Each structure stands twice: as structure tokens, then as C-alpha cells.
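> Give me a model of this one.
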Amino acid sequence: MSFYDGPNDPIRLSTYFGKKGKVFPAVTLIILAVFSPLAIKNFIIGEYPLATAISLFVLTFSADSYALLRGRKLPINEHIVASLAVLAVTLSLFTLGDGTIFWVFPVSIIMSFLFPIRTAIVFNLPLLLSATIYVLLNYQVADAMRLFFALLMTITVVNLLLRHIDSLHELLKEESSKDALTGALNRRQLNLFLKDALANKLHYHNDSTLIMIDVDHFKQINDLYGHAKGDEVLIRLASGINTQIRESDLLFRVGGEEFVILLPNTTVETAEKVAEKLRASIRTSSLIEDHPVTVSLGICATDNNLTQTKWMSCADKALYAAKQRGRDRACWYDLNRDRIEDVAA
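This next block holds a predicted model:
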């Protein structure tokens, strides 16, 4: 369990660049190519504790990297991997001497880029302490202080930069997943959640239901009041819907004035009640003063033989039927009978 509250993945690079992209595997190969020969060399020269520490770091890091690349849970906690990295550098300092002091800086930076920020900071502190103690024991106090502040500055600057990268990453994720106007999730996100809902139905037999919503006569609103007022209606509509659905329900904007609600683990009977409640609430709300705004709704629940395309198509057919039958109403697509029924008001 990571105690970092930024990116959720315990290996930082796989969060940003993708477990199956080019960057994370390349970094993994570089680490293996650099540290594996060092482990072999130290076994040859008889530095067995150091060789063992480096070998364990390589093995544990390799095991976690392989698991991430395969989309599996980490077999070894990242704190253990970081601890082995610190141990290997500390042993190299106190066994091999001066020539290894330069390894402190790249290892510190590698840990900062590989691990979540808090994990990196926690394990950079003993690295800073051990390097300072080594220089203090073998050189003058002034040399130890220079190393201490140089390494401290390196750690600080790297982690400040990474915090900025984190904020940009989160902003990019939000902007790429949400509709800029209403804050609802976008169509790309809908496709991902539809896939999950259908898999949930197939494997666990849990129903999910779609409610497709379209604002009636929206072109007239734009023509009468202007596009700015039309945008305001959509913003207020999305906000109102979000206040009336559960936290587990998801609202998506899929077109100009068209929205979709995905209700996980919800039967069509429950979805009908939700749709009718939303329809009545929107009709009585004052989205535009002295101009009632209504919506039409189409409902369709999951089925074992559904594809994403067919599921959306059936909900869209139900929505079209609601508009054809007079608007300001909800219809649902009965997959078993292959027909569309009105939802009782």
C-alpha cells in the first residue's frame, strides 16, 4: 500500500507513460543493464553483502516491473524495493569507499522518478544521512556540509518539479475525460464504462441501465435566447441531474444537448423511476424564466448478448420514440420483446 496521495500507481513512471508504452519498459531495461553487472562484479571481488543487496534490488524491481507490464498487482511492496536501493548504496559507500559517492545522486533521482513522491522523500532521507556520515567520517566537516546541501538541493528541486508534473498530469486527465462546458464525463469515458458494465453483466449477472436524455426543442432555445443562454441551460441541467443521481451513477455528455446516465447495478424498473423523477423535476425547474424546459428520455438495460453499439442504439431508439410520442416523456426498450414501451408518469 502506497502512502502517496497523487497518482495511484505505486510505480510513478507507469502512471505517466503507461505500463505497456515505451518509456517504462526502457527505464526498466536501463536499470537492469546498469545494476546487474554491478552485482556480478561485487560477487567476483568478494563483496558478498553488497552484491546480495544489489541482486535483491534487481530481482525485486524486476518482479514488480514484470507484474506491472502484465497488468497484475505488485508482488513486492515498493517500500521494500526502495529500502534495498538505499541499503545497496550505503553498503557500497562503507565498503568500496570514495569512488561510489557519485552513485548517491543518480540513485536519489531514480527513486524520485520511479516511486510516489512521499515514498521517494522518505527513502531519500536515509540516503542523504548515510552519504553525509560517510564524508564526515572520512573528510572534513566542510566537505560533509557541501555534500549534504548539494544532495538536499537535488532532492528538493527534483521533487518540486515532480509535484508540478503531478498537478499537470491530474489536470490533463480531468480535461481529457470531461466535457469542458458542463463538467460531465465525455464520450470516450462512456465507451470505457459501457465496456465495464457489459463485462459485469456477462461475468457476474449484474444489471446496469442506460438513460439517454435529450433537451426538447433546444434549437428554439438557442434561436430565442441566444447560444450563451443555451449553454447556461446545459450547465444547469447537468448540475441538476448530478444532484439527483447516486454517487455511483455516471453522467456523460454525448452530443450538443444530449446526455447519457449510466446506472450501474440497476434494473430497468429502478431506472424507470429515476427517469420519471428526472423528467418531472426538469419540467418544473426554472432553467429559463417563463419558458419551461422539458426533456425526452430513452431507457435500456443490459443483456448478455449486447454490444456497446447495440446498447446505445436501443437507448437511442427509445429516446426517438419518446420524441415521436409527444416529447416530455420517457420510453424504455424491452430487449426480450424487441419493442418500446412508455414509462408510466
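> CA only for contacts and neighbour counts going forward, please
Fine.
> Could I get the phi/psi values of the closest residue to residue 67 other than its chain neighbours?
Spatially, and ignoring its direct neighbours in sequence, residue 67 is nearest to residue 74 (5.9 Å; C-alpha to C-alpha, 6 or more residues apart in numbering). Main-chain dihedrals, residue 74, degrees, to the nearest 10: phi -60, psi 130.
> Skip ahead from the lowest-mean-pLDDT helix or strand in the chain and say which helix or strand is next.
Ranked by mean pLDDT, DSSP states H and E, the weakest helix or strand in the chain is helix 12-17, scoring a mean of 49. Next in sequence after helix 12-17, counting helices and strands by DSSP states H and E, comes helix 23-44.
> Pull the distance from that next one to the chain's centre.
Going by C-alpha atoms, centre = their mean, to the nearest Å, the spacing between the C-alpha centre of helix 23-44 and its chain's C-alpha centre is 30 Å.
> other SSEs contacting the very next helix or strand once past it?
Counting by DSSP H and E, the next helix or strand C-terminal to helix 23-44 is helix 48-69. Helices and strands touching helix 48-69, by 3 or more C-alpha pairs under 8 Å, 6 or more residues apart in numbering; DSSP states H and E, are helix 23-44, helix 78-96.
> Could I get the buried residue list for the shortest one?
Buried residues in helix 78-96, counted by 16 or more other C-alpha atoms under 10 Å: 78-79, 81-94.
> What of stretch 152-172?
155, 158, 159, 162, 166, 169.
> Now these in a markdown table, please, with extra columns for pLDDT.
Formatted as a markdown table, the buried residues of stretch 152-172 follow (pLDDT from 0 to 100):
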| residue | pLDDT |
| --- | --- |
| 155 | 92 |
| 158 | 90 |
| 159 | 87 |
| 162 | 84 |
| 166 | 78 |
| 169 | 73 |
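> mind giving me a markdown table with those and columns for distance to residue 262?
Shown next, in a markdown table, are the buried residues of stretch 152-172 (distance: C-alpha to C-alpha, whole Å):
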| residue | distance to residue 262 |
| --- | --- |
| 155 | 45 |
| 158 | 41 |
| 159 | 39 |
| 162 | 35 |
| 166 | 29 |
| 169 | 26 |
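> Please flag which of those sit within helices.
155, 158, 159, 162, 166, 169 (DSSP state H).
> Quick check: the two most widely separated of those residues?
155 and 169 (20.6 Å; C-alpha to C-alpha).
> Leaving out sequence neighbours, find the closest residue to residue 332.
Among residues not flanking residue 332 along the chain, residue 299 sits closest, at 4.3 Å (C-alpha to C-alpha, 6+ apart).
> Check the gap between that neighbour and residue 118 for me.
46 Å (C-alpha to C-alpha, to the nearest Å).
> Give me the more crowded residue out of these two.
residue 299 (32 against 16; other C-alpha atoms under 10 Å).
> Next, find the distance separating residue 217 from residue 296.
Noted for residue 217: a distance of 10 Å to residue 296, by C-alpha to C-alpha.
> Looking at these two, which is more packed in?
residue 296 (28 against 13).
> Helix or strand: which one has that one?
Counting by DSSP H and E, residue 296 is part of strand 295-301.
> Can you tell me the strand partners of that strand and which way each runs?
Its sheet considered, strand 295-301 pairs with strand 209-215 (antiparallel), strand 330-334 (parallel) by DSSP bridges.
> List the contacts of the shortest one.
Yep, that's strand 330-334 we're talking about. 272, 275-276, 279, 296-301, 314-315, 317-319, 321-322, 339-343 (C-alpha atoms under 8 Å, 6 or more residues apart in numbering).
> Please apply the same query to the longest one.
The contact list for strand 209-215, computed with C-alpha under 8 Å, 6+ apart, reads 257-268, 271, 275, 293-302, 312, 315-316, 319.
> How about exporting that strand as PDB, limited to the C-alpha atoms?
What follows is strand 209-215, C-alpha atoms only, in PDB (Å, rounded to 0.1, in the frame of the first residue of the first chain):
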ATOM      1  CA  THR A 209     -29.100   0.600 -17.300                       C
ATOM      2  CA  LEU A 210     -28.700   3.500 -19.600                       C
ATOM      3  CA  ILE A 211     -30.900   6.600 -19.600                       C
ATOM      4  CA  MET A 212     -30.400   8.700 -22.700                       C
ATOM      5  CA  ILE A 213     -31.600  12.300 -22.300                       C
ATOM      6  CA  ASP A 214     -32.300  15.000 -25.000                       C
ATOM      7  CA  VAL A 215     -33.500  18.500 -24.400                       C
END
